[in-house]
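Novice: have a look at this fold, sequence not included:
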């Protein structure tokens, strides 16, 4: 019998009033790839032969990213629906990572969506192992760093952390615990990043302290406010 998955991509677009991302939550980065990619990887691992996703939130963006499942060598179909209630009863809501698919409490408003995003990145860091990364390597401090990362000798790295390639960590800065730093980011001297996401190409200036936030360029998303 053919093994198939039916997945529901929840429509949380009304909560994205701060970042105003062009992508649905399923395409937001969790560590080094979008959330939906972990589900596709798990489908391969479990030998799922076909996947159907139901979504009312920008199905065209999701369809373009998945490209029919070509990257994962199995058919993937995106079915537009008008609301989450129209998804089949057997469709599994994609609210977290495949083996920890949960939300501690219902998503409510901008803060709830950001808190779930930060939570998923922390869960991803907790589960990182050598075989799950292709580029980054284990650092002596216990976290993970990519190629061409420059870290000042006086900087402090507190695991778990993940620093993508071509980043710079300045003198006296602290990265971690639970910091995800995207490619080409700069953590300037005496800055600190705890339990936060720094998206690619972002500079965290001197003496700035980030905790429970996500930053992209000049935009700071604070889950507590």
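Specialist: All right, it came through fine. Just so it is clear, the structure is predicted and the values come from calculations on it, not from any experiment.
Novice: so residue 216 bridges to which residues?
Specialist: Beta-bridge pairing of residue 216 under DSSP bridges involves residue 219.
Novice: any idea how far it is from residue 204?
Specialist: For residue 216, the distance to residue 204 (Cβ to Cβ, to the nearest Å) stands at 11 Å. Every residue, glycine included, has its C-beta placed from N, CA and C.
Novice: the two: which is more packed in?
Specialist: More crowded of residue 216 and residue 204, by other Cβ atoms under 10 Å: residue 204, with 24 against 17.
Novice: beta partners for that one?
Specialist: Judged by DSSP bridges, the bridge partners of residue 204 are residue 187.
Novice: what sits against it?
Specialist: 185, 186, 187, 188, 191, 193, 198, 210, 215 (Cβ atoms under 8 Å, 6 or more residues apart in numbering).
Novice: give me the buried entries from those.
Specialist: Buried by 16 or more other Cβ atoms under 10 Å: 185, 186, 187, 188, 191, 193, 198, 210, 215, out of these.
Novice: for this structure, give me the ranges with low pLDDT.
Specialist: For the chain, the stretches flagged by pLDDT under 70 are 1, 130-131.
Novice: for it, longest helix please?
Specialist: Longest helix in the chain, counting residues (DSSP state H): helix 109-127.
Novice: closest to the centroid, which residue in this protein?
Specialist: residue 30 (1.4 Å; Cα atoms, centre = their mean).
Novice: please name the residues that touch that residue.
Specialist: 38, 97, 117, 120, 121, 124.
Novice: give me that answer again for 6 Å
Specialist: Residues counted as contacts of residue 30 (Cβ atoms under 6 Å, 6 or more residues apart in numbering) are 120, 121, 124.
Novice: those residues, buried ones only, as a ChimeraX selection?
Specialist: This is the ChimeraX syntax for the buried subset of the contacts of residue 30, where burial follows 16+ other Cβ under 10 Å:
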select :120,121,124
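Novice: list just the nearest of the contacts of residue 30 to residue 93.
Specialist: residue 120 (14.0 Å; Cβ to Cβ).
Novice: what would the contacts of residue 30 look like in a markdown table with distance to residue 51?
Specialist: Converted to a markdown table, the contacts of residue 30 look like this (distance: Cβ to Cβ, whole Å):
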| residue | distance to residue 51 |
| --- | --- |
| 120 | 20 |
| 121 | 24 |
| 124 | 21 |
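Novice: mind listing what the closest residue in space to residue 190 that isn't next to it in sequence touches?
Specialist: By the measure of Cβ to Cβ, 6 or more residues apart in numbering, the closest residue to residue 190 outside its immediate chain neighbours is residue 172, 4.3 Å from it. Residue 172 makes contacts with 154, 189, 190, as judged by Cβ under 6 Å, 6+ apart.
Novice: what do you get for residue 87?
Specialist: 8, 54, 81.
Novice: distance of it relative to residue 45?
Specialist: With distances taken as Cβ to Cβ, residue 87 is found 24 Å from residue 45.
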